[in-house]
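Novice: starting from these lines, generate the structure:
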Amino acid sequence: MTKDKKDTIAVMSAVGMLGVGVGLSIAGFCVPPLGEIHSTVLAMMGEALVYAGSIFGIKLYFDNRLRGLDEELRAKGFRS
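Specialist: Now for the predicted structure:
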């Protein structure tokens, strides 16, 4: 599996998790008792935000580290 495909899968899973969290939060308003969100729905939304944030943070971190390594290797003449 290529790096681009792995990145795409990770980003899509994070976006999907955010969608599920938002959908559950909206559904929490529509089920009895109306207008009150149960604590389990809030916990799921929190977990969805943490998951998505970790995926996006890890991707950005490694992209920046690899870019820095590539620039360092080019500066030392190992890559053209």
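Novice: tell me which residue lies nearest the centroid of this structure.
Specialist: If you average the C-alpha coordinates of the chain and look for the closest C-alpha using C-alpha atoms, centre = their mean, you land on Ala52, 2.6 Å from that point.
Novice: for that one, which non-adjacent residue is closest in space?
Specialist: Take Ala52 and drop its neighbours on the chain: the residue closest to it by C-beta to C-beta, 6 or more residues apart in numbering is Ala14, 4.1 Å away. Backbone N, C-alpha and C define where each C-beta goes, glycine included.
Novice: residue contacts, Gly21?
Specialist: With contact taken as C-beta atoms under 8 Å, 6 or more residues apart in numbering, Gly21 is in contact with Met44, Met45, Glu47, Ala48, Leu49.
Novice: returning to what we had before: now the residue nearest to the centre of the chain: which helix or strand?
Specialist: Under the criterion of DSSP states H and E, Ala52 resides in helix 39-75.
Novice: just to revisit the earlier point, how many neighbouring residues does the residue nearest to Ala52 have?
Specialist: Other residues within reach of Ala14, judged by other C-beta atoms under 10 Å, total 19.
Novice: could you do the one 4 residues further on as well?
Specialist: Leu18 has 17 neighbouring residues, counting by other C-beta under 10 Å.
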